[in-house]
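Enquirer: A predicted structure for the sequence below; I have some questions about it.
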Amino acid sequence: MIELEPIGVIHSPFTDRGSAPRQGRACCEPMQIEIYPKYAPGLGTMEGISHIWVLYWMNKAERDSLFSRRPDWDKPRPVFTIRSPSRPNPIALSIGKIEEISDNIITVTGLEALDGSPVLDIKPYVVEIDCIFDALNPFQK
């Protein structure tokens, strides 16, 4: 059995499915990640951290599809080969640029989250670990 407990919630200007950008990197809208008081001590000062991985639950996504299609594609593709929010376990993984930290609120840009998305975890983005320069690009034509 898997048990997850959200550590916080995302406050976003995007409220409806389809209103957020397709990829967070294209989003300049600031969002607040509210870390619940119980977990706030886990933030420390975050000194020296400019970007964070944010794992959150896409609570408005469809969960019963194994194929998804963008409007610019001829046919649907398997969900484990694409980044569609529609998937059996709608866990999002995005990189947020820290703009400000105040108490238990981290203001970030670069997420595509909807308002009210539960936050499962945050981790520092570390260039030496996270950047794989020779990775294949499955969407490159």
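Expert: Cool, the structure landed.

Enquirer: Skipping adjacent residues, who's closest to residue 114 in space?
Expert: residue 14 (5.2 Å; C-beta to C-beta, 6 or more residues apart in numbering). All C-beta spots, glycine's among them, are computed from the backbone N, C-alpha and C.

Enquirer: isn't the one you found right up against residue 113?
Expert: Yes - the criterion here is C-beta atoms under 8 Å, and residue 14 meets it with residue 113 at 7.2 Å.

Enquirer: Report all helices and strands that the biggest strand by length in the chain contacts.
Expert: Looking across the chain with DSSP state E, the single longest strand is strand 91-102. Under the contact criterion of 3 or more C-beta pairs under 8 Å, 6 or more residues apart in numbering; DSSP states H and E, strand 91-102 touches strand 51-57, strand 105-109.

Enquirer: what's in contact with it?
Expert: 24-25, 30-31, 33, 43, 46, 49-58, 85, 106-113, 117, 120, 125 (C-beta atoms under 8 Å, 6 or more residues apart in numbering).

Enquirer: Show me what the most centrally placed residue in the chain bridges to in the sheet.
Expert: The chain has residue 94 as the residue nearest its centroid, 3.4 Å off, counting by C-alpha atoms, centre = their mean. Applying DSSP bridges to residue 94 yields these beta-bridge partners: residue 54.

Enquirer: Just put the helices and strands packed on strand 91-102 in CSV and tack on mean neighbour count, distance to residue 80 and mean pLDDT.
Expert: Converted to CSV, the helices and strands packed on strand 91-102 look like this (neighbours: other C-beta atoms under 10 Å; distance: least, C-beta to C-beta, whole Å; pLDDT from 0 to 100):
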stretch, mean neighbour count, distance to residue 80, mean pLDDT
strand 51-57, 20, 17, 96
strand 105-109, 19, 27, 96
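
Enquirer: would you turn the ones you listed into JSON lines with distance to residue 3?
Expert: Putting these into JSON lines (distance: least, C-beta to C-beta, whole Å) gives the following:
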{"stretch": "strand 51-57", "distance to residue 3": "13"}
{"stretch": "strand 105-109", "distance to residue 3": "24"}
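
Enquirer: Could you grab the helix/strand/coil label for the residue of the chain positioned farthest from its centre?
Expert: Going by C-alpha atoms, centre = their mean, the residue of the chain most distant from its centre is residue 74, 26.7 Å out. Secondary structure, DSSP: H, G, I helix; E, B strand; the rest coil: residue 74 is coil.
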